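>>> dropping a prediction and its sequence here:
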Amino acid sequence: MSDRYLVRPGDSLWKIAKTQLSNPNRWPELAQLNGLQPPYKLLIGQEIKLPDRQQIVQRGAGNKSINPPRTATGSAAVVTTPQEGADTMPGRGFFFILADEILPSGKLVRKVLRVPLTPEQFVEAKPEIFGLQGKNPNSKISLGEHALGEPNSPYTSASTKPGGAPNIDGRPVYIDKAKAQAAGVTIHSTEEIIADLDRLVKENPQLKPRVDKLKSVIGSVEGEVLLEGKAPASAIKSGSAMAVTRGLRFVQAVGVVLTVYDVSKATVKSVEQNSYKPLAAEGIRQVGGWGMALAGAKIGGAAGAAVGIETGPGAILTGAAGALIFGTAGYFGADWVADFVDKN
């Protein structure tokens, strides 16, 4: 074999090491021997010096810290060599996060007391701990009567406005509509409230001036809706919990992007090798990582509950920690299995 090689379209250091040295993992030797630095661009027709084929690569057994270049389609002038077979395992585990975000289209906002003074007020001011329910679940008061200020209502007011009703002072808490409805809560719309107010006016014409003003405030300013039934604490988040969740959602999004990248890379490799093995192996890795992340989130949440952390940012973080730990373990374990199908 010649000790020199001329770069061709589609070549990379990884590919040259594979074809000329029978070992793609010797690409760093080529880079060092030829004085090449990241991003390892090669010119078509460039002369590459080759080391002795029998020379032993000075790398620790199983060391995956160096990212070899990937075969890429070259242009008429330059062959670029981005990463091929890059192992993202050391960092990958830190992106197996599952965060339960309340979507903007699926939440309601309620303002609660910032500084409760009595035990009853404290319960009402902490729905993310105690849940949310009207004062008198058995009351027969109608939607319109609640809006007119009747006490002992079976309903709880909330708002469709992003930050809650702007004319009401208080700390906003966020209610997940889907979770509340799954727990048996009925959500009565603004239109239902206004329709019942109109009914009351027909029965009591003297209420018309007051109702007309109230309808304008309910519809245009407050975006009021009424919840009937008890919304559990698990369906309610404080502002701080929402902030933690958004941060975790960003981390999760990064993990999803990296997963898509890994799967697409494996797809290209499968096509190049005309083999299903690279894609199948990557599927094993990703299923292992995300599957264990889901299990870990539940285990982390249960562990938090066992020590009294059942709601709020603490509960979110214990679930995230479980997803992180078990997702990482799942990925590494699945990677060991996947390497028997196609080594990365």
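Noted; the coordinates are in hand.
>>> helices along this protein, start to end?
Along the chain, the stretches classed as helices by DSSP state H are 13-21, 27-33, 89-92, 119-125, 127-130, 143-147, 177-182, 190-203, 208-216, 239-273, 277-306, 312-341.
>>> show me how far the fourth one is from its chain's centre.
Meaning helix 119-125. On the basis of Cα atoms, centre = their mean, to the nearest Å, helix 119-125 sits 33 Å off its chain's mean C-alpha point.
>>> list of residues touching it?
The contact list for helix 119-125 (Cβ atoms under 8 Å, 6 or more residues apart in numbering) reads 112-114, 116, 130, 171. In this view, the C-beta of every residue, glycine as well, is placed from N, C-alpha and C.
>>> show me where pLDDT drops low in the stretch 1-150 of the chain?
Within the stretch 1-150 of the chain, the stretches with pLDDT under 70 are 1-2, 52-94, 98-105.
>>> chain neighbours aside, what residue packs nearest to Gln181?
Distances taken as Cβ to Cβ, 6 or more residues apart in numbering put Ile187 closest to Gln181, at 6.6 Å, once the chain neighbours are dropped.
>>> quick one on the thing from earlier: nearest to Lys107, out of the helices of the chain?
When these are compared by Cβ to Cβ, helix 177-182 sits nearest Lys107, at 6.4 Å.
>>> ok, the nearest residue to Met292 once chain neighbours are set aside to Ile299 distance?
Distances taken as Cβ to Cβ, 6+ apart place Gly330 nearest to Met292, at 2.6 Å, with adjacent residues excluded. Distance, Gly330 to Ile299, using Cβ to Cβ, to the nearest Å: 12 Å.
>>> just to revisit the earlier point, quick one: the residue nearest to Gln181 from Ile168, how far?
Ile187 is 18 Å from Ile168, where distance means Cβ to Cβ.
>>> now swap in Gly322 and tell me
Separation of Gly322 from Ile168 (Cβ to Cβ): 37 Å.
>>> follow-up on the earlier one: mean pLDDT lowest where, among the helices of the chain?
Mean pLDDT across these is lowest at helix 89-92; the value there is a mean of 42.
>>> one step back: reformat the helices of the chain as JSON lines; add mean neighbour count and distance to Glu228.
Listed next are the helices of the chain as JSON lines, based on neighbours: other Cβ atoms under 10 Å; distance: least, Cβ to Cβ, whole Å:
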{"stretch": "helix 13-21", "mean neighbour count": "22", "distance to Glu228": "64"}
{"stretch": "helix 27-33", "mean neighbour count": "19", "distance to Glu228": "66"}
{"stretch": "helix 89-92", "mean neighbour count": "14", "distance to Glu228": "46"}
{"stretch": "helix 119-125", "mean neighbour count": "14", "distance to Glu228": "17"}
{"stretch": "helix 127-130", "mean neighbour count": "20", "distance to Glu228": "15"}
{"stretch": "helix 143-147", "mean neighbour count": "22", "distance to Glu228": "9"}
{"stretch": "helix 177-182", "mean neighbour count": "18", "distance to Glu228": "10"}
{"stretch": "helix 190-203", "mean neighbour count": "16", "distance to Glu228": "11"}
{"stretch": "helix 208-216", "mean neighbour count": "14", "distance to Glu228": "20"}
{"stretch": "helix 239-273", "mean neighbour count": "16", "distance to Glu228": "24"}
{"stretch": "helix 277-306", "mean neighbour count": "20", "distance to Glu228": "28"}
{"stretch": "helix 312-341", "mean neighbour count": "20", "distance to Glu228": "26"}
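>>> just put the ones you listed in TSV and tack on distance to Gly106.
Listed next are these as TSV, based on distance: least, Cβ to Cβ, whole Å:
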stretch	distance to Gly106
helix 13-21	46
helix 27-33	49
helix 89-92	30
helix 119-125	24
helix 127-130	17
helix 143-147	22
helix 177-182	5
helix 190-203	17
helix 208-216	26
helix 239-273	13
helix 277-306	20
helix 312-341	17
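>>> out of the ones you listed, flag the one nearest Gly164.
With Cβ to Cβ as the measure, helix 239-273 is the member of the helices of the chain nearest Gly164 (10.4 Å).
>>> can you report phi and psi for Asn167?
phi -90, psi 10 (degrees, to the nearest 10).
>>> from Ile194, how far off is it?
Between Asn167 and Ile194 the computed distance is 17 Å (Cβ to Cβ).
>>> okay, Gln206: pLDDT?
Listed pLDDT for Gln206 reads 95.
>>> do the same with Ala231
Listed pLDDT for Ala231 reads 94.
>>> next, the buried residues of stretch 37-51.
40-42, 44, 46, 48, 50-51 (16 or more other Cβ atoms under 10 Å).
>>> state the pair within those residues that is farthest apart.
Greatest spatial distance among the buried residues of stretch 37-51 (Cβ to Cβ): Ile44 and Pro51, at 21.9 Å.
>>> ok, back up a step: so which of the buried residues of stretch 37-51 are in strands?
Among the buried residues of stretch 37-51, the members found in strands (DSSP state E) are 42, 48.
>>> want to throw the buried residues of stretch 37-51 into a markdown table with distance to Ser153?
Converted to a markdown table, the buried residues of stretch 37-51 look like this (distance: Cβ to Cβ, whole Å):
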| residue | distance to Ser153 |
| --- | --- |
| Tyr40 | 70 |
| Lys41 | 71 |
| Leu42 | 75 |
| Ile44 | 78 |
| Gln46 | 80 |
| Ile48 | 81 |
| Leu50 | 84 |
| Pro51 | 83 |
